[in-house]
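Colleague: Generate coordinates for the sequence data below:
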Amino acid sequence: MARAFGGPNKYIQRAGEIDKLADYLAPLGKRALVLIDRVLFEKLSERIAKNCDDKLDLHFERFGGECCTSEIERVRAAAAEHRSDILVGVGGGKTADTAKIVAIDTDARIVIAPTIASTDAPCSAIAVRYSEHGVYEESLRLPRNPDVVVVDSALVAAAPARFLVAGIGDALSTWFEARSNIESRTDNYVAGGFPATEAGMAIARHCQEVLMRDAVKAKVAVEAGLLTRAVENIIEANTLLSGLGFENCGCSAAHGIHDGLTVLEEVHGLFHGEKVAFGTLCLLMLENRDRGEIEAMIRFCRSVGLPTRLADLGIVDDVPAKIGRVADAACRPGNIIYATPVAVTAPAVRDAILALDALSRSID
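Modeller: Below is the predicted model:
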């Protein structure tokens with residue numbers, strides 16, 4: 001049977017590695033546009049420039065905050081003016097996605113240096129475009145993955161623990177959505193779509209095992225300002241294992257419900273992974289999985305501080321109507337929710353979300 005596997009050319013994770021970024025850029029080109037998250041711009045632009053030699057021409061841009069059409073066009077124009085042959089995304093998932101899109105548009109090489117482990121975006125050839133107000137618009141399948149992903153684990157561990165927890169929420173979906181795709185016989189996102197490889201399925205499953213083993217320990221350590229083996233393992237699970245797992249196996253209703261949730265103003269202050277974690281619980285309900293599995297995942301989410309009820313998402317008024325809107329948006333034609341191995345309709349999705357909320361509220 002045909003199959004395919006994709007991923008970044010190199011993945012490096014080590015404390016202090018941001019200071020060696022030039023070593024990974026030099027073999028790829030001579031002119032790099034470095035797109036950096038707003039809150040880290042001054043600190044990291046100076047640090048990166050200090051550790052680059054004169055052979056590399058660096059141009060720094062401050063990320064606008066949203067991977068939307070206007071920001072993509074702005075960065076593309078800056079890259080064209082600089083004649084950049086490398087695009088570097090330094091920051092979170094939306095910074096990474098913007099850098100990936102512009103690199104593909106300008107035929108530049110791609111280097112991603114995540115400063116938080118809140119999503120699995122850095123390693124993939126997938127980018128998600130939103131409106132300027134954070135409403136999901138589309139997922140783009142890019143023709144190539146990043147050339148290099150450089151993770152400075154000391155930087156990641158120094159970020160507020162909520163970012164790491166959000167990444168745990170995003171990674172929690174990886175195995176459950178892989179299972180959905182395997183059961184529905186849906187192709188993955190590699191080279192136009194192929195059945196998952198044994199390697200892809202094994203990585204997705206191991207991602208889940210690492211989360212169950214190390215997530216709570218990692219959260220406690222990061223809250224105490226510590227970089228432990230558990231923290232390093234969770235950074236890898238959130239970034240590499242989840243990234244490889246979802247790209248090589250596929251997404252389903254966990255991300256589909258996330259996409260639907262973005263139509264509600266109440267959730268715009270939540271991180272991607274927080275919404276995906278709730279979507280994962282709803283996926284299990286939609287698929288009518290064993291009650292013990294659903295309850296175990298509810299308890300796991302609570303143990304690390306992820307939302308398990310609609311109230312945790314700030315959805316407390318006019319709930320049935322709002323969840324109806326979420327379900328309608330999630331079930332738009334072509335959405336990834338249809339990789340779920342059950343009959344998917346907007347009423348079924350609405351009722352699964354409401355049923356999950358009711359079950360979660362019944363658990364002490």
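
Colleague: contacts and neighbour counts: CA atoms only from here.
Modeller: Noted.

Colleague: Find the residue closest to the spatially most central residue of the chain in space, skipping its chain neighbours.
Modeller: For the chain, the residue nearest the mean C-alpha position is Thr119 (3.0 Å; Cα atoms, centre = their mean). The shortest distance from Thr119 to any non-neighbouring residue, by Cα to Cα, 6 or more residues apart in numbering, is to Gly167 (4.7 Å).

Colleague: in terms of contact, does the residue nearest to the centre of the chain touch Ala166 like I think?
Modeller: Yes. Between Thr119 and Ala166 a contact is recorded at 7.1 Å, counting by Cα atoms under 8 Å.

Colleague: Can you work out which residues contact both of the two?
Modeller: Common contact partners of Thr119 and Ala166 (Cα atoms under 8 Å, 6 or more residues apart in numbering): His272, Gly273.

Colleague: Helix or strand with the lowest mean pLDDT in this protein?
Modeller: strand 136-141 (a mean of 93; mean pLDDT, DSSP states H and E).

Colleague: what ranges do the helices span in this structure?
Modeller: With helices called from DSSP state H, the chain shows them at 21-25, 41-50, 69-82, 93-106, 153-158, 161-184, 198-223, 229-236, 242-249, 253-261, 272-286, 291-304, 319-330, 346-362.

Colleague: Flag every buried residue along the third one.
Modeller: For helix 69-82, burial by neighbour count (16 or more other Cα atoms under 10 Å) applies to Glu71, Ile72, Val75, Arg76, Ala78, Ala79.

Colleague: quick one: which of those is nearest Glu265?
Modeller: Distance ranking of those against Glu265, using Cα to Cα, places Glu71 first at 21.3 Å.

Colleague: Local confidence estimate at that closest one?
Modeller: Glu71 is assigned a predicted lDDT (pLDDT) of 98.

Colleague: Could you do the one 5 residues further on as well?
Modeller: At Arg76 the predicted local distance difference test score is 98.

Colleague: which residues does it contact?
Modeller: Per Cα under 8 Å, 6+ apart, neighbours of Arg76: Val102, Asp105, Thr106.

Colleague: Closest to Val151 out of these?
Modeller: Nearest to Val151 among the contacts of Arg76 is Val102, at 20.9 Å by Cα to Cα.

Colleague: Can you give me the pLDDT of that closest one?
Modeller: Taking Val102 on its own, its pLDDT is 98.

Colleague: How about it, nearest residue that isn't a chain neighbour?
Modeller: Arg76 (5.5 Å).

Colleague: so how far is Asp107 from the one you found?
Modeller: According to Cα to Cα, to the nearest Å, Arg76 stands 11 Å off from Asp107.

Colleague: go on, Phe63?
Modeller: The value you get for Phe63 to Asp107, if Cα to Cα is used, is 20 Å.

Colleague: quick one, which of the two is more surrounded?
Modeller: Neighbour count, other Cα atoms under 10 Å: between Phe63 and Asp107, Phe63 has more, with 27 against 13.

Colleague: didn't the more buried one look like it was pressed against Leu35?
Modeller: Yes. Counting by Cα under 8 Å, Phe63 does reach Leu35; the two are 5.8 Å apart.

Colleague: Would you mind measuring from the residue nearest to Ala253 when sequence neighbours are not counted to Tyr189?
Modeller: Of all residues beyond its chain neighbours, the one nearest Ala253 is Ile337 (4.2 Å), with distances taken as Cα to Cα, 6+ apart. Here Ile337 is placed at a distance of 14 Å from Tyr189 (Cα to Cα).

Colleague: more neighbours, the two?
Modeller: Ranked by neighbour count (other Cα under 10 Å), Ile337 and Tyr189 place Ile337 first, with 27 against 24.

Colleague: Tell me the predicted confidence for that one.
Modeller: With respect to pLDDT, Ile337 has a value of 98.

Colleague: Identify the residues contacting it.
Modeller: Cys251, Ser252, Ala253, Ala254, His255, Gly256, Ile257, Ala330, Cys331, Val344.

Colleague: In this structure, which residue sits furthest out from the middle?
Modeller: Asp54 (34.2 Å).

Colleague: Can you give me the pLDDT of that residue?
Modeller: Asp54 is assigned 80 on the pLDDT scale.

Colleague: count of neighbours near the residue nearest to Thr119?
Modeller: If we define neighbours as other Cα under 10 Å, then Gly167 has 28 of them.

Colleague: Fine by me, we can end here.
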